[in-house]
Every structure is written in C-alpha cells, then in structure tokens.
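S.K.: Fold the following.
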Amino acid sequence: MVSWTRKKTQYRRKGQSLIAANKIKPQLWHISSAEAKEALIAQGQRVQKIKKIHCLKHQVCISYWNEQGGVCSSFFSYRIFARWQNEVEKLIYTCPTVKEWTKLHRIMRYEFAYYNYCREIEDALDTALENRLCVFKATSLQAVFTDNYVETFHWNVSTPD
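M.R.: Got it, this is the predicted structure:
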C-alpha cells in the first residue's frame, strides 16, 4: 500500500507585522488616559473614565468605566491610536535606501492585508510610501544628471586644443 502525502495549506499569510519586524515598539509607549479614552471613543466605546492601561508587545489591555458605571476590560490593537499612524509615517520618511523602502513596503502590504486599517489611514500611509519612492527616484535621477554634467565639464576643461 502506498501512502500519499498531503499538501499542507497555509492559513497564515507570509510576512511580518511592523511590531514583529521590530520596526515599531509600541509596548514602550506611555499611553495616557486621555489618549486611550480618545482612541476608544473613536472605536465606538462608551467610556466615562480610564481605570488601567497595560501595554503588551502586540496589543494593549485597557480597563475603563462605561457610562453606566460598569467596569469593562478588553484588549485593543495599537493601530487604533493616532500615535501609530505618526510612528509609521516617521518610519517611512526616515527610510534611508530604496532597499529598506522595499522591505518596508512589503511589510506594509502585509499590514494592510492582515489588519483592519480605516480607509483614511491606509490611504495616508500609501501616499507616504509613494511620496518616499518618488523622492528616491528624483534623487537618483538627479545624481545621474549631476554625474554626467561633472564628467562633461571635466572633459571639456581638461582637453587641450
């Protein structure tokens, strides 16, 4: 009797998140109660007062009192905070090379596919990625023209008639 090997299907997408790739470390953020309350209200939670904030590596645990006076506690993604978008944009604009930008672009494709971003944030981060690529293209094109100009200038000056 011949045994057949089964092809395993992958349930998880290939790639890493920004946190897993150590690009962003939100567990080191000191999230204030006001910042947490603002993020939860934007998510549709009815928050009266924040009780406790506990930052973990991939998510934050927030306990709060709702409008009825009951205590609610849940885990939330760091992606709900406005600081997340600022940190990602800073990461994009400080990307030093095209190679690093390519790695970051791949990570961002994974992020957008795997995590729920609101449309405005996704569009803003996509625009930031495109703008950074345009800067790389413009500076490389400028370097090519500058090198050609310098070579032509030196060639014209150094050749005696």
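
S.K.: and residue 111, which of the three is it?
M.R.: helix (DSSP: H, G, I helix; E, B strand; the rest coil).

S.K.: shouldn't it be in contact with residue 17?
M.R.: Yes. The criterion here is Cβ atoms under 8 Å, and residue 111 meets it with residue 17 at 6.1 Å. All C-beta spots, glycine's among them, are computed from the backbone N, C-alpha and C.

S.K.: Tell me which stretches of this structure form helices.
M.R.: 33-42, 82-93, 98-114, 119-158 (DSSP state H).

S.K.: Columns mean neighbour count and distance to residue 62 on top of those helices, output as a markdown table?
M.R.: Rendered in a markdown table, the data for the helices of the chain read as follows (neighbours: other Cβ atoms under 10 Å; distance: least, Cβ to Cβ, whole Å):
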| stretch | mean neighbour count | distance to residue 62 |
| --- | --- | --- |
| helix 33-42 | 16 | 5 |
| helix 82-93 | 16 | 14 |
| helix 98-114 | 15 | 22 |
| helix 119-158 | 12 | 20 |
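
S.K.: closest to residue 64 out of those?
M.R.: Closest to residue 64 of the helices of the chain, according to Cβ to Cβ: helix 33-42, at 6.7 Å.

S.K.: Who is residue 49 paired with across the strands?
M.R.: Residue 49 has these beta-bridge partners by DSSP bridges: residue 65.

S.K.: now swap in the one 5 residues further on and tell me
M.R.: When bridges are assigned using DSSP bridges, the partners listed for residue 54 are residue 61.

S.K.: Tell me who's in contact with it.
M.R.: Listed by Cβ atoms under 8 Å, 6 or more residues apart in numbering, the contact set of residue 54 reads 60-62.

S.K.: before we move on, back to that, quick one: which of the helices of the chain has the weakest pLDDT on average?
M.R.: Per-stretch mean pLDDT for the helices of the chain is lowest at helix 119-158 (a mean of 74).

S.K.: What's the end-to-end length of stretch 59-79?
M.R.: 9 Å (Cα to Cα, to the nearest Å).

S.K.: One more: stretch 37-46?
M.R.: Start-to-end, stretch 37-46 (Cα to Cα) is 9 Å.

S.K.: Of all residues in this structure, which one is nearest the centre?
M.R.: residue 88 (3.9 Å; Cα atoms, centre = their mean).

S.K.: List the contacts of that one.
M.R.: With contact set as Cβ under 8 Å, 6+ apart, residue 88 has these partners: 18, 24, 108, 125, 128.
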